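Asker: no letters, just coordinates:
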């Protein structure tokens, strides 16, 4: 089976076995017999693959460094960034928004105010519990999800 490099904007973005399906703006090159074998992050021009200069971080390196650094909440503490936390935070934001919508549909502004004033606990990157209001938590959740999506998109 042949190995193909998927190229986007002159950079190898993936390697696949077999002819890949391509997104708009991507091309593929059969690298089965290429020597040296290119890797993700290598540049491609014409028929030449080039490794990044030593010490030059790839998009994946940058993404992983940002994941390791976590998400700065702006409240003096940092949340870890990983898939399980991202999924939990995304579902938490959805539940809060659903509760607010349900209370609004009942014309229960006092219930919305009470919900937003409740405490919410995050465990920060050091393992310390951080208590915030639900309104603050909702803001953090939305910004956290946007940040994760931004750095993920930049790494693609």
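Answerer: That came in fine, so what should we check first? Remember, it's a predicted structure, so these values are computed and weren't measured experimentally. Numbers count the residues shown, from 1 in each chain.
Asker: where exactly do the strands run in this protein?
Answerer: 3-8, 11-17, 26-30, 43-45, 48-50, 71-72, 78-79, 119-123, 129-133 (DSSP state E).
Asker: any stretches of the protein with poor pLDDT?
Answerer: Across the chain, residues meeting the criterion (pLDDT under 70) sit at 156.
Asker: tell me the domain boundaries of it?
Answerer: 3-56, 60-155 (automatic domain parsing).
Asker: just send the ones you listed back as a markdown table, with mean neighbour count too.
Answerer: C-betas here are computed from N, CA, C, even on glycine. What follows is the domains of the chain, written out as a markdown table (neighbours: other C-beta atoms under 10 Å):
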| stretch | mean neighbour count |
| --- | --- |
| domain 3-56 | 13 |
| domain 60-155 | 14 |
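Asker: out of the strands of the chain, the one nearest residue 108 is which?
Answerer: Across these, residue 108 has its closest neighbour in strand 129-133 (18.3 Å, C-beta to C-beta).
Asker: residues making contact with that closest one?
Answerer: 73, 75, 77, 116-124, 140 (C-beta atoms under 8 Å, 6 or more residues apart in numbering).
Asker: could you do stretch 33-53 as well?
Answerer: By C-beta under 8 Å, 6+ apart, the list of residues contacting stretch 33-53 from outside reads 3, 5, 7, 10-15, 29, 31, 58-61.
Asker: what about 6 Å?
Answerer: Residues outside stretch 33-53 that contact it (C-beta atoms under 6 Å, 6 or more residues apart in numbering): 5, 7, 10, 11, 12, 31, 58.
Asker: what about that stretch, how long is it end to end?
Answerer: 23 Å (C-alpha to C-alpha, to the nearest Å).
Asker: i'd like the first residue to be 54 from this point on
Answerer: Got it, first residue is 54 now, which makes that one stretch 86-106.
Asker: now do residue 124 against residue 132, distance only.
Answerer: Between residue 124 and residue 132 the computed distance is 5 Å (C-beta to C-beta, to the nearest Å).
Asker: wait, what's in contact with residue 111?
Answerer: Neighbour list for residue 111: residue 94 [criterion: C-beta under 6 Å, 6+ apart].
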